[in-house]
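S.K.: predicted structure and sequence below. I'll ask about it afterward.
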Amino acid sequence: MKLYLAPGACSLASHIALHEAGIDFDRVTVDLRAKRTEEGQDFSTINPKGYVPTLVLDDGSTLTENVALLDWIAQRSGQQLPGGEMGRTRLLEMLAFISTEVHKQFGRTFFPTSDAEKTAALEKASQRLQYLAGQMKGDYLMGDEMTVADAYLYVMLRWADSKGATVPPALQAYRQRLEQRPAVQLALRHEGLDTQ
Ligand SMILES: N[C@@H](CCC(=O)N[C@@H](CS)C(=O)NCC(=O)O)C(=O)O
């Protein structure tokens, strides 16, 4: 199995979740501007959408979209998902919120058409982080155990810091807790990142 990633990009969420799950995989770094892999391949031949994360499974099939990869990792490992009859549904609800309501706002700050657009996006992202801080159910977003949603939110918190969104104190402490985890440290090391 191969995970195509770019350092510090949203693919870091699946990278962390795969390590948390103890799943064996190879990593391939993609230059997102040139759309080439470190192996010299034209990335569009691997994922015509042109973005990471992309997971090529052992049967050669390709899986894309953060929500799908994170759900697949949770289902495959039977870990990092909340329990109970509604566990998976609640997980998908959380992943969809992070993807479409938080990630999307940060996406607008990477290539804003104006300062006003960037400010508006950061304001929305800050509001949504505030909402998530109020949703925390324990040490992690969905309870006392880490789920794949935490891996995704962790990446959003890194972006929030680098872009200047407001991160509530509860989420700052939560980020530090996540950074104590060996799987998070390993993924950061592999991507050449630190905890700042
Ligand atoms: N809808 C996709 C979006 C993924 C995405 O935004 N990936 C970014 C990195 S965080 C990317 O590869 N951008 C390069 C591009 O779109 O050309 C998902 O949720 O997986």
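M.R.: Received it, and whenever you're ready, just let me know what you need.
S.K.: would you mind listing what in the chain touches the ligand?
M.R.: Along the chain, the residues adjacent to the ligand under the rule C-beta under 6 Å from any ligand atom are 9, 10, 32, 50, 51, 52, 53, 65, 66, 99, 107. Placement of C-beta: from N, CA and C, glycine included.
S.K.: name the helix or strand for the fifth one, please.
M.R.: In other words, residue 51. Element membership for residue 51, per DSSP states H and E: none, as it lies in no helix or strand.
S.K.: returning to what we had before: just the buried ones from the residues of the chain next to the ligand?
M.R.: Buried by 16 or more other C-beta atoms under 10 Å: 9, 10, 51, 52, 53, 65, 66, 99, out of the residues of the chain next to the ligand.
S.K.: among the residues of the chain next to the ligand, which lie within strands?
M.R.: Of those, none are assigned to strands by DSSP state E.
S.K.: quick one: these as JSON lines, columns for pLDDT too.
M.R.: Shown next, in JSON lines, are the residues of the chain next to the ligand (pLDDT from 0 to 100):
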{"residue": "9", "pLDDT": "98"}
{"residue": "10", "pLDDT": "98"}
{"residue": "32", "pLDDT": "97"}
{"residue": "50", "pLDDT": "97"}
{"residue": "51", "pLDDT": "98"}
{"residue": "52", "pLDDT": "98"}
{"residue": "53", "pLDDT": "98"}
{"residue": "65", "pLDDT": "98"}
{"residue": "66", "pLDDT": "98"}
{"residue": "99", "pLDDT": "98"}
{"residue": "107", "pLDDT": "94"}
